[in-house]
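In: I would like to see how this sequence folds:
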Amino acid sequence: MHPFRKLQKFAGLSGVRRRLFLEAVFELTRAQLSAALIPFRWLAPGFGRLMAESPEIYDATHERAILDLRWAIGTAASQLPWHSRCLVRATAVKWMLRRRRIPSTLYLGVAPGTAKTWDAHAWVRCGTIVLTGGPQHLNYRVLVKFADFYA
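Out: As a prediction, this is how the structure comes out:
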């Protein structure tokens, strides 16, 4: 798509969607840099409580925000000049959810493979909604999960 067309499309978004898109671009960039520069063992504690899961029932008042965040991450990731892998997308949306105090779980899983290769994947779930990494996540076995809860 021509850059001017992208600008026209961006200008046609509502103010709320423009802000969400820009926030997603910022968080994806921050997550990409973090993944490249910071060892995973230092990043992981910031993902939430280890081996815990948020409830599968969510506050209905959060549904619109959850769906909007899923849109923002997917749209922003498709427009960036680099490929945002699943862990980068999951990290970025996790940070956006945390800012809004919406409970979520980040999962890290692997698919069955040979002993020499591992196919890993990351995804985030809020209630019953998978924001990133779906529906491929169904092909992976959960190794570790991190949850955020709010009262």
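In: now stretch 58-68 - C-alpha only, CSV.
Out: In CSV, the C-alpha atoms belonging to stretch 58-68 read as follows (Å, rounded to 0.1, in the frame of the first residue of the first chain):
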residue,chain,number,x,y,z
TYR,A,58,-14.1,-11.3,32.6
ASP,A,59,-15.8,-8.1,33.6
ALA,A,60,-18.2,-7.3,30.7
THR,A,61,-17.2,-3.6,31.0
HIS,A,62,-13.8,-4.7,29.7
GLU,A,63,-15.0,-6.5,26.6
ARG,A,64,-14.8,-3.4,24.3
ALA,A,65,-11.3,-2.5,25.5
ILE,A,66,-10.1,-6.1,25.1
LEU,A,67,-11.4,-6.3,21.5
ASP,A,68,-9.9,-2.8,20.7
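In: contacts for that stretch, please.
Out: Stretch 58-68 is contacted from outside by 16-17, 20, 97, 100, 102-103, 126-129, 131, using C-beta atoms under 8 Å, 6 or more residues apart in numbering. Any C-beta I mention is one placed from the backbone N, CA and C, and that applies to glycine too.
In: which of those residues are buried?
Out: Buried subset of the contacts of stretch 58-68 (neighbour count, 16 or more other C-beta atoms under 10 Å): 20, 97, 102-103, 126-127, 129, 131.
In: dump those to JSON lines, plus secondary structure and distance to Pro45.
Out: Below are the buried ones among the contacts of stretch 58-68 laid out as JSON lines (DSSP: H, G, I helix; E, B strand; the rest coil; distance: C-beta to C-beta, whole Å):
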{"residue": "Leu20", "secondary structure": "helix", "distance to Pro45": "27"}
{"residue": "Leu97", "secondary structure": "helix", "distance to Pro45": "17"}
{"residue": "Ile102", "secondary structure": "coil", "distance to Pro45": "20"}
{"residue": "Pro103", "secondary structure": "coil", "distance to Pro45": "18"}
{"residue": "Cys126", "secondary structure": "strand", "distance to Pro45": "21"}
{"residue": "Gly127", "secondary structure": "coil", "distance to Pro45": "24"}
{"residue": "Ile129", "secondary structure": "strand", "distance to Pro45": "25"}
{"residue": "Leu131", "secondary structure": "strand", "distance to Pro45": "21"}
